[in-house]
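Engineer: show me how the following folds:
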Amino acid sequence: MTVQDIRAFNRFYTNVIGALDYGRHLYAPYTLTEARVLYELAHSADTDAADLRADLALDAGYLSRILNKFEEAGLIERAPSRKDPRRRRVSLTADGRSAAGLLDERARETVDSLLGAVAPGERPRLAEAMRTIRTILGDAHTPDGAGEVVLREPHPGDLGWIVQRNAALYAAEYGWNTDYEGLVARIVADYAEDHDPHLERVWIAERAGRPMGCVMCVRDDAPGTARLRLLLVEPEARGLGIGDRLVTAVIGFARGVGYRDLVLWTNDVLSAARRIYQRHGFVLAAERPHRSFGKDLVGQDWRLDLHGTGR
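Structural biologist: Okay, the predicted model is just below:
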């Protein structure tokens with residue numbers, strides 16, 4: 001990612017939404033900034049000039065001139081603030097609400113026209129990409145609860161996501177080659193084609209509508225034994241306790257359906273995951289060097305006695 005990448009995107013997006021195309025009369029007779037002020041006033045039950053200045057990052061003098069213009073045109077009225085008598089509350093008049101409604105209708109028509117050129121199947125992907133940009137760049141106006149992490153069952157497409165993200169992350173962080181992607185693809189395909197929903201399960205950790213992690217619990221070849229597989233947490237979501245929650249979910253499920261032991265295989269380079277397993281009572285059962293995924297690694301087998309004292 002470079003400065004030029006961002007500037008190129010900004011130019012592209014500005015052209016797409018027509019934000020500066022006054023020939024289309026999207027904001028007429030107002031400027032873009034004036035339209036933004038009207039929008040904020042229309043969608044805020046109680047605001048004052050200081051709030052508007054902070055929310056829109058506007059110069060105090062510039063905003064004051066806009067508000068004076070709106071007041072002279074009968075679009076707003078000002079009164080003492082309920083929150084702070086030293087401030088002036090700003091609210092739309094009936095004419096102001098009408099003007100804001102007209103601008104909102106034009107904006108909706110513009111967006112409807114834009115979406116009309118997007119295939120219905122591509123619209124969820126477009127929405128997710130927009131959420132991603134807002135989340136990464138720290139949008140303070142994301143909906144309440146947007147940061148909450150939930151664990152859920154996989155939706156259509158999530159199993160493919162597990163394969164893709166495992167392959168991409170391990171290649172980026174450890175330099176593993178496509179042999180690892182092949183292994184993950186086989187694990188996921190075996191689950192998708194033949195699994196017992198009473199004894200096997202997949203969890204997706206979701207935040208703000210996006211998958212942020214995953215784990216699987218499947219039957220092992222040994223009787224009474226379950227296997228934890230493919231624990232993954234996205235880099236941007238690490239430090240939120242998602243890995244712990246996913247492992248806790250597997251342990252609780254495995255205990256609940258009657259497994260005696262829970263086992264897993266990992267590699268010693270995956271230190272963060274290993275610490276999670278140790279916190280939950282897993283014990284290292286064996287380790288051996290091997291050459292896999294284009295690297296020299298040390299594989300490790302870990303085991304948890306589900307009837308013991310581990311969490």
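Engineer: which secondary structure element of this structure has the lowest mean pLDDT?
Structural biologist: helix 123-136 (a mean of 76; mean pLDDT, DSSP states H and E).
Engineer: elements contacting that one?
Structural biologist: strand 210-219 (3 or more Cβ pairs under 8 Å, 6 or more residues apart in numbering; DSSP states H and E). Yep, even glycine has a C-beta here, placed from its N, CA and C like the rest.
Engineer: extract the CA atoms of the strand it packs on and return them as CSV.
Structural biologist: Extracted C-alpha coordinates of strand 210-219, given in CSV (Å, rounded to 0.1, in the frame of the first residue of the first chain):
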residue,chain,number,x,y,z
ARG,A,210,-16.6,-10.1,8.7
PRO,A,211,-15.0,-13.5,9.5
MET,A,212,-12.1,-12.9,11.9
GLY,A,213,-11.2,-16.4,12.9
CYS,A,214,-12.1,-20.1,12.8
VAL,A,215,-11.5,-23.5,14.3
MET,A,216,-12.8,-27.1,13.7
CYS,A,217,-13.6,-30.0,16.0
VAL,A,218,-13.6,-33.4,14.1
ARG,A,219,-13.4,-37.0,15.1
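Engineer: Three-state assignment for Leu199, please.
Structural biologist: What DSSP: H, G, I helix; E, B strand; the rest coil gives for Leu199 is coil.
Engineer: from what I can see it touches Arg219, true?
Structural biologist: Yes. Leu199 is within contact range of Arg219, at 5.8 Å (criterion: Cβ atoms under 8 Å).
Engineer: list residues touching both of the two?
Structural biologist: Listed as contacting both Leu199 and Arg219 by Cβ atoms under 8 Å, 6 or more residues apart in numbering are Ala226.
Engineer: residues contacting the closest residue to Leu41 other than its chain neighbours?
Structural biologist: The shortest distance from Leu41 to any non-neighbouring residue, by Cβ to Cβ, 6 or more residues apart in numbering, is to Leu92 (5.1 Å). Leu92 makes contacts with Leu38, Leu41, Ala42, Leu75, Ile76, Ala100, as judged by Cβ under 8 Å, 6+ apart.
Engineer: top of the residues you listed by neighbour count?
Structural biologist: In terms of neighbours by other Cβ atoms under 10 Å, the contacts of Leu92 top out with Leu38 at 25 neighbours.
Engineer: got a pLDDT number for it?
Structural biologist: If you check Leu38, the pLDDT there is 88.
Engineer: same check on Leu102?
Structural biologist: At Leu102, pLDDT is 87.
Engineer: so, low pLDDT: which residues of this structure?
Structural biologist: Applying pLDDT under 70 to the chain flags the ranges 1, 17-27, 45-46, 83, 135, 138-147, 309-311.
Engineer: which residues in this structure form strands?
Structural biologist: 47-48, 76-80, 88-92, 149-152, 201-207, 210-219, 225-233, 261-267, 283-292, 295-305 (DSSP state E).
Engineer: which among the ones you listed is found nearest to Tyr170?
Structural biologist: strand 225-233 (8.9 Å; Cβ to Cβ).
Engineer: specify the angle between the closest one and strand 210-219 in degrees.
Structural biologist: 170 degrees (axes from the mean of the first three to the mean of the last three Cα atoms, to 10 degrees).
Engineer: do you know how far the nearest residue to Leu151 once chain neighbours are set aside is from Asp158?
Structural biologist: Spatially, and ignoring its direct neighbours in sequence, Leu151 is nearest to Trp203 (5.0 Å; Cβ to Cβ, 6+ apart). Noted for Trp203: a distance of 10 Å to Asp158, by Cβ to Cβ, to the nearest Å.
Engineer: just want to know which of those two has more residues nearby.
Structural biologist: Trp203 (21 against 16).
Engineer: picking that back up, would you mind writing the CA trace of the least confident helix or strand of the chain as CSV?
Structural biologist: This file holds the C-alpha atoms of helix 123-136, laid out as CSV (Å, rounded to 0.1, in the frame of the first residue of the first chain):
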residue,chain,number,x,y,z
ARG,A,123,-23.3,-6.6,-3.8
PRO,A,124,-22.5,-8.4,-0.5
ARG,A,125,-18.8,-8.4,-1.5
LEU,A,126,-19.0,-4.7,-2.3
ALA,A,127,-20.7,-4.0,1.1
GLU,A,128,-18.0,-6.0,2.9
ALA,A,129,-15.2,-4.1,1.2
MET,A,130,-16.8,-0.8,2.3
ARG,A,131,-17.1,-2.1,5.9
THR,A,132,-13.4,-3.2,5.7
ILE,A,133,-12.3,0.3,4.7
ARG,A,134,-14.3,2.0,7.4
THR,A,135,-13.1,-0.5,10.1
ILE,A,136,-9.4,-0.3,9.2
